[in-house]
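> structure for this input, please:
(2 chains)
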Amino acid sequence: MVIKFRQIIGLALLLPSFVMANVSEYQLNNGLKLIVKEDHRAPVVVSQVWYKVGSSYEHNGITGVSHMLEHMMFKGTENLGPNEFSQIIAANGGRENAFTGQDYTAYFQTLEKDRLAISFKLEAERMRKLIIDNAELVKERDVVVEERRMRTEDKPHALLREAFNATAFVNSPYHHPVIGWMSDINNYQAIDLQQWYQKWYAPNNAAVVVVGDVDADEVYALAKQYFGPLKPEITAQLKPQIEVEQKGKRTIEIHAPAKLPYMMMGWKVPVVNTLTDEPEWEPYALEVLAGILDGGNSTRFARDLVRGSEIAAGVSAGYDLFSRLAGLFLIAGTPVKGKTVADLQQAVITQIDLLKTELVTEQELKRIKVQVVTSAVYERDSVFYQGMQIGMLETVGLDWRLSDAYVENVQAVTMQQVQAVAKKYFVDRGLTIAELIPMPFGDQKVTMPVGEEYGH
Amino acid sequence: MVTNIVSFTVVILISLSAYASPNIEHWQTSNGAQVYFVAAPELAMIDVEVIFDAGSARDGQGSGTALMTNAMLNEGANGVSTDDIAAKFEDVGARFGNSSQRDMAMISLRSLTAEEQLTPALKMFSSVLTQADFPLTSFERLQKQMLIGLQAEKQSPSAIAARAFNTKLYGDHPYAAMPVGDDKSVKALNVESLKLFYQQYYVAKNAVIILVGAVTKQQAIAIANQVVAKLPTGKKAQAITKVDSIQTAEKIVIKHPSTQTHILMGQLGIKRSDADYFPLYVGNHILGGSGLVSQLSNEIREKRGLSYSVYSYFRPMRELGPYQFGLQTRNDQADEALSVLQNTLVSFIKNGVTAEELVAAKQNITGGFALRLDSNSKIAGYLAMMGFYGLPLDYLETFKDQVNSVTVEQIKEAYTRRVQADNMITVMVGGKK
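Next up, the predicted model:
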């Protein structure tokens, strides 16, 4: 499957534009890829610039640097002052932001359709002309420290998730958190950011995704005008960092101030991008399996664990088949009052065993497939989400056409294949379990009348 | 229920070329429900929302009643079990949703418009809405889950702050209670009181139906009728009591084992139908409502790096909603951050906005107007708000003009009259310095 996609990409490179459905793909001479999806439902356009860099590109000591750089991208360039990027977009009625993941860093603006050039002009500027000012970095580093406190330090579930990943992955860069370890954040220097920017921010390591009420060829002309003059960079070759084989169950505990217990279980599984000897259908069978367990209020977790036996207050299953590196099939949940984490884990294992010993029903399989087909229609209600799908696939080295193929590949999954992946991957050898053990804390309220201090 | 797409194409092309607001059709069902419909023929799907004036403002002494009533609807209807209701929706890929806040209680359905999907989905949806069974086993399970939810809330500094703030801000008014209730009130809930609540408030005259999707008006009329056909006509809910605007400044400090202190400051704000809505909305946009370019973001985040997120917003409701300011910062910086927040507000009220700031705000709000209506779900959200609060049908059409007509003087006058920097309720939840 991997080879097949390479061929499609190769073909695309040979042609000036590769048109499929209402999506057009182009490549500029400097290597920048442009993907345009025309959607004329509303007079708006979303423009997203995706860089192939994220926390999984980082090494120890500078973890989170991709995310820190994302913040610095708003802090000034050769021709833009700090925050001026945001001010210009705001003055043009736009919405903008950016996000960093394990496998990508992306920047986006949503604008009325005739203002796309503003986005392109600004994004082209910061693609090659960023200035890392030390004073700005020191301030923004504090902001990121606060962001980490808000997202992770003070959230027991997030703390557990972080420790869980650091246990399940030994040498894969999925070991460390996207936002970075606190000690690394506190010690970023301007040179770290400059080097990271130099290394990864170039037209040949980026994809521009545009979705909206636009004409694809006009967007291409605009892209050539603004991004065309940018020089490509010799980007670094990533090391494979293939996760060492897990050879036994790993369990950890996190003691943190909390009121409720919580647990996570994760099994090592392949993803589309990392398939070698495995059959191509395996990630799709795992996707269906996730749906059988937790694909709605009628599926097994809701029906049997939340209702039925009433063991779980909440329990969920998740699997990302389109990550860059091999990942995990995750199950997480909180037991009801009177039941323990061990009870919930046992109930989950019983559900997994059932998948191994009995074929899922035709009705369940059909229901999951229907939902995948209908979701593909619902997703088209959002131009932003359509862009996300394209950009995410593109940056992990897959092909955006896979979002269409996804529906077909899920349709092709059989009940035997679901059983086969359950047997093959849900084994203790590849299992990591993390438990949140609540540390009690008293709450105390002090009420004060307000006096002088408000007088200014 | 096959859609006639062709007949709509011309209409849509014209409206898009003018960047116009969607064409809203409004009528009433024979039993008195208000219907708002926008045809969106491009995608073969439909969103159906039914909103009742049945939020927690109607809870009376039984805090949590409205939320639990709403959550019970899909737990059993006309003899069909929770499991089977869920399966009937999901067999056709339909998405059922329910939610309940202070003013509104809502159920929603998203489905494809092809007959084999839409017909069974609507049938189930209508049954859930009009023939709810309120089974005891479900009630007991949901009650336990609500109690667990209340425990989860105690892990979250922001949720703790929100509860303390609302309790203080609203005193005896029904808005004081959280829609999820509290430990005591949830334990005291019972099925009989939920049924009474359902019978009183889930009635046609208390309902607003929103339809956005690939159907004709004739089909929309039929769908609306089908959805509420079995609802009793009933009565519109009575007006809720006015919010007593007398309040005194107070600072509430709650110790929590967190590395950050969450600060929530505010006072009473505006009604959805407020005469000062636009000057205050545009003014707040400049002060703390425009993300990274707001004054507060500039003072707290850009200049000082004190917080990742700082914001202010009016939450307009049927009666006076809150005007809230929020941020979160390392415990030992909390006093400094609060002081910057207060100073920024004081200076904003005293000095007002500059002409340049007002122009920039207007450009941002009006220049991105189309972004507010670029999906069926966003259009449905606006229709729900307009229909529920009885805003004029031309609200969206006149929105830009209303924003553009706001003056520097109006903002200053409205802020001086409505916002008192020395009369704020301030909640700080966090650890020791």
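
> going by C-alpha atoms from here, please, whenever you check contacts or count neighbours.
OK.

> residue of chain A nearest chain B, please.
Relative to chain B, the nearest point of chain A is A:Gly93 (3.8 Å; CA to the nearest CA).

> ok, that residue - contacts?
Contacts were defined as CA atoms under 8 Å, 6 or more residues apart in numbering or on different chains; by that measure A:Gly93 touches A:Leu111, A:Glu112, B:Gln363, B:Asn364, B:Ile365, B:Thr366, B:Gly367, B:Gly368, B:Phe369.

> what about the third one, neighbour count?
By that I understand B:Gln363. 19 (other CA atoms under 10 Å in any protein chain shown).

> quick check: which element contains it?
helix B:355-367 (DSSP states H and E).

> run through the neighbouring helices and strands of the following helix or strand past that helix.
The helix or strand immediately downstream of helix B:355-367 is helix B:376-389, counting by DSSP H and E. Contacts defined by 3 or more CA pairs under 8 Å, 6 or more residues apart in numbering or on different chains; DSSP states H and E place helix B:376-389 against strand B:34-39, strand B:45-52, strand B:207-213.

> what's the closest of the ones you listed to chain A?
Nearest of the helices and strands packed on helix B:376-389 (CA to the nearest CA): strand B:45-52, 7.3 Å.

> helices or strands up against the closest one?
strand B:105-112, strand B:207-213, helix B:376-389.

> elements contacting the shortest one?
Counting by 3+ CA pairs under 8 Å, 6+ apart, the packing neighbours recorded for strand B:207-213 are strand B:34-39, strand B:45-52, helix B:376-389.

> ok, and what's touching that strand?
Under CA under 8 Å, 6+ apart, the answer for strand B:207-213 is B:33-41, B:43-53, B:220, B:224, B:376-377, B:379-380, B:383-384, B:387-388.

> dump the C-alpha coordinates for it into PDB.
Extracted in PDB, the C-alpha atoms of strand B:207-213 (Å, rounded to 0.1, in the frame of the first residue of the first chain):
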ATOM      1  CA  ALA B 207     -40.900  25.000  21.500                       C
ATOM      2  CA  VAL B 208     -38.800  26.400  18.700                       C
ATOM      3  CA  ILE B 209     -37.900  24.200  15.800                       C
ATOM      4  CA  ILE B 210     -34.900  24.800  13.700                       C
ATOM      5  CA  LEU B 211     -34.400  23.200  10.300                       C
ATOM      6  CA  VAL B 212     -31.400  23.600   8.100                       C
ATOM      7  CA  GLY B 213     -30.800  21.300   5.200                       C
END
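
> give me the sheet partners of it and which way each runs.
strand B:34-39 (parallel), strand B:45-52 (antiparallel) (DSSP bridges).

> so which of those is nearest B:Asp244?
strand B:45-52 (24.5 Å; CA to CA).

> from the chain's centre, how far out does that closest one sit?
Distance, stretch centre to chain centre, for strand B:45-52: 15 Å (CA atoms, centre = their mean, to the nearest Å).

> give me the helices and strands touching the helix or strand immediately after that strand in the chain, please.
The first helix or strand that comes after strand B:45-52 along the chain, using DSSP H and E, is helix B:65-72. For helix B:65-72, the packing partners by 3+ CA pairs under 8 Å, 6+ apart come out as strand B:95-100, strand B:105-112, helix B:136-153, helix B:191-201.

> circling back to that earlier point, going through the contacts of strand B:207-213, which ones are buried?
B:33-41, B:43-53, B:220, B:224, B:376-377, B:379-380, B:383-384, B:387-388 (16 or more other CA atoms under 10 Å in any protein chain shown).

> for B:Ala39, list each beta-bridge partner.
Residues in beta-bridge contact with B:Ala39 (DSSP bridges): B:Gly213.

> shaky segments in chain A?
Filtered on pLDDT under 70, chain A yields the residue ranges A:1-21, A:442-456.

> run through the residues that contact the closest residue in space to B:Arg272 that isn't next to it in sequence.
Closest residue in space to B:Arg272, ignoring its immediate chain neighbours: B:Pro316 at 4.6 Å, by CA to CA, 6 or more residues apart in numbering or on different chains. By CA under 8 Å, 6+ apart, B:Pro316 lies in contact with B:Gly269, B:Ile270, B:Lys271, B:Arg272, B:Pro322.

> farthest-separated two in these?
Once CA to CA is applied, these give B:Arg272 and B:Pro322 as the farthest pair, at 11.4 Å.

> isn't A:Gly387 up against A:Val209?
Yes - counting by CA atoms under 8 Å, A:Val209 is a contact partner of A:Gly387 at 6.1 Å.

> what does the stretch 151-300 of chain B put close to chain A?
B:151-152, B:154-156, B:249-260, B:292-293 (CA under 8 Å from any CA of the partner chain).

> number of nearby residues for residue 260?
Answering for chain A, as no chain was given. Neighbours around A:Leu260, by other CA under 10 Å: 22.

> nope, chain B
What B:Gln260 shows, counting by other CA under 10 Å, is a neighbour count of 28.

> go on, B:Asp276?
17.

> just confirm A:Glu435 is within a helix.
No - counting by DSSP: H, G, I helix; E, B strand; the rest coil, A:Glu435 is not found in a helix; it is strand.

> does chain B sit close to stretch A:56-71?
No - judged by CA under 8 Å from any CA, stretch A:56-71 and chain B are separated, with a smallest distance of 10.8 Å.

> show me what B:Phe314 is bridged to.
Beta-bridge partners of B:Phe314, as defined by DSSP bridges: B:Tyr323.

> pretty sure it contacts B:Gln267?
No - B:Phe314 lies out of contact with B:Gln267 (CA under 8 Å); the separation is 9.8 Å.

> and for the two, which residues touch both?
With CA under 8 Å, 6+ apart, B:Phe314 and B:Gln267 have common neighbours B:Pro322, B:Tyr323, B:Gln324.

> from the residues you listed, which single one is nearest chain A?
B:Gln324 (16.8 Å).
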